[in-house]
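Visitor: quick one, what's the 3D model for this:
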Amino acid sequence: MKRIDFLIALLLCCAVGCSGKGEPAVPEGGNGGLSEKLTVSPTLQAHMVMQQNKPFTISGTGTAGQYVEISCSWEGKPGRVQVSADGSWQYTVTTPEGGFDAQQVTVSGKQTFTFDNILVGEVWVCSGQSNMWWPLKDAEGGLSEMIGANASLPIRLLHVPQEQASAPVASLSARWQPCTAGSLEWFSAVAYFFGKQLVEALQVPVGLINASWGDTTAEVWAERDAVLANDAIREQALKQDATPRADAQAPYRIGSAFHAMIYPLRDIPVAGAIWYQGESNMDAPGTYPELLATLAASWRKLWKAEAADFPFYIAQICPYERAFDYRVPYANPAMRFAQQQASKLIANSGVICNDDIGDIHNIHPRNKQDVGKRFAFLALEEKYGKAGQPRSPIYAGLRINGRVLEVDFSYAGAGLETADGTSPTYFEVAGADRIFHPATAEISGHTVRLTAAAVPEPAFARLGWSYTHTTNLRGKGGLPVSVFKTYDWVEPTEEP
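Guide: Down below sits the predicted model:
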């Protein structure tokens, strides 16, 4: 009877070991002690923000057959994992609800690594070209934010170095930093203002990952094989792949920034991404929606995330005077409209309009605070379920009623209005001849009714189809309505 009891106890011990809850059996050649050698992957760092309520995998290398012990301040007892035969180990924990109390993770072998001052909250990737990169020190209101910053502010910053590579880079070289005047000086202003608004609204810490680079096309940020596998965008992408940028340091090969700046982030759980780019793709706005959809899909695949769990929000570029010799007419409004189309093509996406804060003489408007806030409004409503956030109405559809064109708008909330109380400006209509004439516009709830004496049989409409002319039409929340067109041909001539 005693022998049977012993065998039962032995089987129970083996079961506990195999479940991962206890210490597993020592393989042949192992001594069962704490690992003589130990490294920890830089995915885990002091001062970071961990995404709340998500699995987080801690990994590294050690002595095969020996053990690594992991202690998390939010868990009741430490866990233990055995180093595999190839010298690697990994251990997955589940993060708690977000909060402002600092947490600590300790990883021990024969030596101990302590990662302290960790916060748990929401983590976002912030990427794009120069308007996302634009540093806080050069933005409106940026200096006062820097002066008032201190390390207790529950925003943490991960500034990814501008690097490019022809193959994926496995390890992360960037370091998480608390908010100080020094760490904020060259950090993305848009990202910072976005994070600040989220902290105020959600009352949890926010981690911001800035991976941006001026004068880059979207092709360099997407996974190379995904771009080349897409017949709709391959030809244009290969043209970009063979064309160095005006900034000789900027990457231009497909996937080169993805490999060096996005791929190393893959093991950091995130809430989603915000994207501010487009100026460098204005030669081909027609392929941009499909290109951006391919980029978003490749990022979601990298993070092993479903679209529902990984929002991808887009900032429209601003209007500014035609300063370059683009290959297509009306390149700037065409790109702004293409970004709207991309937001409709990409699941769990959205677009913010910045027409009212642009500087027509500067491709880099200094007002980054409103851009960041508008990103936050979009995330708060769509990701976090906080209804009633301000949002820019966008074109939804067209009806022809005799001499009248009726244009409908989505996200118009309580209706439409104009910034100055006059009739809506910069609407145009055309008939079958495709010649556009200024239209008289009248607001009716979520709809604008258009007529033009010169167009008795209207068929097409557009709004603000210009580099510099922007409409006074707004949603009742005060945010601008951006450009649109109701046709798919490319204008044969440039804007006068």
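
Visitor: could you use CA atoms for every contact and neighbour count after this?
Guide: Fine.

Visitor: low-confidence stretches in this protein?
Guide: Within the chain, the ranges that satisfy pLDDT under 70 run 1-32.

Visitor: remind me, longest strand of the protein?
Guide: Using DSSP state E to define each element, the chain has its longest strand at strand 112-128.

Visitor: and that one, C-alpha only, in CSV?
Guide: Output in CSV follows, covering the C-alpha atoms of strand 112-128 (Å, rounded to 0.1, in the frame of the first residue of the first chain):
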residue,chain,number,x,y,z
THR,A,112,20.6,39.1,-10.8
PHE,A,113,19.2,41.7,-13.2
THR,A,114,16.7,44.2,-11.7
PHE,A,115,14.4,46.2,-13.9
ASP,A,116,12.6,48.9,-11.9
ASN,A,117,10.4,51.9,-12.4
ILE,A,118,8.3,50.0,-14.8
LEU,A,119,4.7,51.3,-15.5
VAL,A,120,1.8,49.4,-16.9
GLY,A,121,-0.6,51.1,-19.3
GLU,A,122,-1.0,51.7,-23.0
VAL,A,123,1.8,51.4,-25.5
TRP,A,124,1.6,52.9,-29.1
VAL,A,125,3.9,52.9,-32.1
CYS,A,126,4.2,56.3,-33.7
SER,A,127,5.7,56.2,-37.2
GLY,A,128,6.0,58.0,-40.5
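
Visitor: begin at 62, not 1, for the rest of this chat.
Guide: From this message on, residue numbering opens at 62, which makes the last subject strand 173-189.

Visitor: immediately after that strand, which helix or strand?
Guide: helix 191-194 (DSSP states H and E).

Visitor: count of residues packed around P553?
Guide: The number of residues packed near P553 is 9, by other Cα atoms under 10 Å.

Visitor: please name the nearest non-neighbouring residue to it.
Guide: Counting by Cα to Cα, 6 or more residues apart in numbering, P553 lies nearest to P390, which is 7.1 Å off, once chain neighbours are set aside.

Visitor: try G339
Guide: I378 (6.4 Å).

Visitor: check T118 too.
Guide: According to Cα to Cα, 6+ apart, the nearest residue to T118 is T153 (4.1 Å).

Visitor: against which helices or strands is the longest strand of the chain packed?
Guide: Applying 3 or more Cα pairs under 8 Å, 6 or more residues apart in numbering; DSSP states H and E, we find strand 173-189 packed against strand 110-112, strand 160-169, strand 267-273, strand 333-337.

Visitor: what ranges do the helices span in the stretch 312-461 of the chain?
Guide: For the stretch 312-461 of the chain, applying DSSP state H, counting those that start in this stretch gives helices covering 317-318, 349-363, 392-406, 430-443.

Visitor: and what of the stretch 62-211 of the chain?
Guide: Applying DSSP H, counting those that start in this stretch to the stretch 62-211 of the chain gives helices spanning 63-80, 191-194, 203-209.

Visitor: quick revisit: W526 versus the residue nearest to P553, what's the distance?
Guide: Note on P390: its distance to W526, by Cα to Cα, to the nearest Å, is 11 Å.

Visitor: more neighbours, those two?
Guide: W526 (24 against 17).

Visitor: my read: the more buried one touches S543, true?
Guide: No: W526 sits out of contact with S543 when judged by Cα atoms under 8 Å, with a separation of 9.5 Å.

Visitor: what residues are up against G256?
Guide: Residues near G256 by Cα atoms under 8 Å, 6 or more residues apart in numbering: I216, V267, G268, L269, G433, A437.

Visitor: not counting sequence-adjacent ones, nearest residue to the last one?
Guide: So that's A437. Nearest to A437 is F255, by Cα to Cα, 6+ apart, at 5.3 Å.

Visitor: mind checking the SS state of that neighbour?
Guide: helix (DSSP: H, G, I helix; E, B strand; the rest coil).

Visitor: check contacts around it.
Guide: Contacts here follow Cα under 8 Å, 6+ apart; on that basis F255 touches Q430, V432, G433, K434, R435, F436, A437.

Visitor: can you redo those residues as a markdown table with distance to L511 and neighbour count?
Guide: Output for these, formatted as a markdown table (distance: Cα to Cα, whole Å; neighbours: other Cα atoms under 10 Å):
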| residue | distance to L511 | neighbour count |
| --- | --- | --- |
| Q430 | 34 | 21 |
| V432 | 30 | 24 |
| G433 | 33 | 25 |
| K434 | 32 | 22 |
| R435 | 29 | 26 |
| F436 | 31 | 27 |
| A437 | 33 | 27 |
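
Visitor: in JSON lines: those residues, plus distance to Q113.
Guide: Output for those, formatted as JSON lines (distance: Cα to Cα, whole Å):
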{"residue": "Q430", "distance to Q113": "26"}
{"residue": "V432", "distance to Q113": "25"}
{"residue": "G433", "distance to Q113": "22"}
{"residue": "K434", "distance to Q113": "22"}
{"residue": "R435", "distance to Q113": "23"}
{"residue": "F436", "distance to Q113": "20"}
{"residue": "A437", "distance to Q113": "18"}
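
Visitor: let me know the closest of these to A242.
Guide: Q430 (17.1 Å; Cα to Cα).

Visitor: ok, that closest one touching A250?
Guide: Yes: the criterion here is Cα under 8 Å, and Q430 meets it with A250 at 7.2 Å.

Visitor: state the phi and psi torsions of D549.
Guide: With angles defined as degrees, to the nearest 10, D549 sits at phi -120, psi 10.

Visitor: all set now, cheers.
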